[in-house]
Structures are given as C-alpha cells and as structure tokens.
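Peer 1: Attaching a predicted model along with its sequence, questions to come.
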Amino acid sequence: MDFDSFVLSAATADLSQEPLAREHADAIEFRLDLADSPLDQLASYDGNLPVIATNRVEREGGDSPETPERLEALRLAAEHPMVEAIDVELSAIAMGSGLETIEHASDRGVSAIISIHDFEETPAIAEMERLLTKTDEYGDVGKLAVTATTLDDVLQLFAVTRTRTQAGQRVATMAMGAVGRHSRAVAPLYGSRIGYAPVDPEDATAPGQYDLATLRSVIDHLDDGT
Ligand SMILES: O=C1C[C@@](O)(C(=O)O)C[C@@H](O)[C@@H]1O
C-alpha cells in the first residue's frame, strides 16, 4: 500500500466484517489487540480489501500489553499476502523494539505506519511537527492522533498536516474526541492519507469516530464539492 492517495480504513477486530466494509472502505484496519484468535482469523481471511495490521499497545489506547509476543504477532501478520501495511508505535521504536518488525515487513513489500497517540491533549505545533518528522525516519506514513479540546487545537493539527505534506512527507492525522470529530472528514483535504472508521458505530476504536458509511460519504462530498 503506497498511501499516494487517501485510504479509508474500516477499523475492526472481526475480519468477517469485510463484505460489509467493501462498499465504502479502501482497506481494513485489523486490530489484532481487540480480536479473538487474530492470527487464525487472518489465516482464513479471504476478503478483497487489503489489510493494515495493528496490534495496539495499552499505553497508546490498545488492549495489548507490551510483550515480545505483541510484535511477534505483527511480524507474523506481515507474512500474510493480504497484509499490505503494519502499524508500529513511535514509542515502541523509542523503547528499542519495533525496528526489526518494520524491516521484516519491508522485506516483504509491506509498508509501515509509524503512529503516535495522545489521549490527553493536542501538543504545541512545534512538538507535533517534531514528532511527525521523527516518524519519517522509520516508516512510510507518520500518524498522529491527538485529543482536541478546542477548535484551535484542530486548526493547529490541520496546519501541521499541511506543513508536513508540503514538505513531501506522507502523514495521517486525526483529532480524537467530540471537538475534533470533524477533523476526520476535513484532515484529508490538508493532506492526511489515512482515515479510520468502524462499520458499526458501536465498535468505535477511538473517541469521536464516525461510522464508515458516514465518513465515506462526507469525505466524498467535500472532495467533489457536492
Ligand atoms: O491509530 C489509529 C487511529 C485511531 O486511533 C483513530 O483515532 O481513528 C483508530 C485506531 O484504530 C487506529 O489504529
């Protein structure tokens, strides 16, 4: 997956949802950390949509403890022919793990999304720029999900998204929570390359997500001016 253009991902812990996602999504984000028997699900996956494999660690809002098995599962997932990208947290790389997983994936032509989540706040603009620039050393897309408490937070996220995009970096950005909800539809206009949405709003994988059909429709309408 080259992320040359925007990729709308159906975020799910259940790969049997793929037929429902197909109409609206460009990819599946498979949340291994939230799934039952994730590697078995993947082994029997026969959907059409390419898969982004994520095994989110607890400290970044996921369910997986930081154990060697966490990255090992991601490494195995990258060997599946339909897995076209993996997601590794910048914090994992900073802690000394993750790079080998990224290399293993890259050897198979699988892209790496380097992600950062802030569930407390929207950092200052210089800090967001620093973080996203750092991700560029390790992967194909730098992802920053922050928590917006004011509209100014969202504006600053858009500004960073545009600056990094104009600098030639592929980034994905979103402001989590109610205040930042519209960023999920608008950030792609500023350059964000990936969006995430559950098929069913009850299965949201982060605060403030739209359901998949809604996000697809809003993004398409914004894009074609209708
Ligand atoms: O990192 C992200 C972004 C996300 O947290 C969001 O805010 O949409 C949703 C997660 O499933 C995904 O792994």
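Peer 2: Received, thanks.

Peer 1: now the closest residue to residue 92 other than its chain neighbours: how far from the ligand?
Peer 2: Excluding the flanking residues, the one nearest residue 92 by Cβ to Cβ, 6 or more residues apart in numbering is residue 98, at 3.9 Å. (C-beta placed from N, C-alpha, C; glycine too.) Going from residue 98 to the ligand by Cβ to the nearest ligand atom, to the nearest Å gives 15 Å.

Peer 1: The nearest residue to residue 2 once chain neighbours are set aside: what's it in contact with?
Peer 2: Closest residue to residue 2 apart from its sequence neighbours, by Cβ to Cβ, 6+ apart: residue 111 at 7.1 Å. Residue 111 makes contact with 1-3, 84-86, 105, 139-141 under the criterion Cβ atoms under 8 Å, 6 or more residues apart in numbering.

Peer 1: residue boundaries of the strands in the protein?
Peer 2: Shown for the chain, the strands assigned by DSSP state E span residues 7-12, 27-31, 51-54, 83-89, 111-117, 141-147, 171-176, 194-197.

Peer 1: closest to residue 159 out of those?
Peer 2: strand 171-176 (10.4 Å; Cβ to Cβ).

Peer 1: Can you list the strands that that closest one pairs with?
Peer 2: Partners of strand 171-176 in the sheet, by DSSP bridges, are strand 141-147 (parallel).

Peer 1: between the partner strand and strand 83-89, how big is the angle?
Peer 2: Per axes from the mean of the first three to the mean of the last three Cα atoms, to 10 degrees, the angle that strand 141-147 makes with strand 83-89 is 50 degrees.

Peer 1: ok now do the closest residue to the ligand within the chain, which residues does it touch?
Peer 2: Closest contact between the chain and the ligand, by Cβ to the nearest ligand atom, is at residue 206 (3.1 Å). With contact set as Cβ under 8 Å, 6+ apart, residue 206 has these partners: 11, 61, 145, 174, 176, 196.

Peer 1: so the last one makes contact with residue 173?
Peer 2: What it means is residue 196. No. Residue 196 lies out of contact with residue 173 (Cβ atoms under 8 Å); the separation is 11.4 Å.

Peer 1: Those two: which has the busier surroundings?
Peer 2: Between residue 196 and residue 173, counting by other Cβ atoms under 10 Å, residue 173 is the more crowded of the two (31 against 28).
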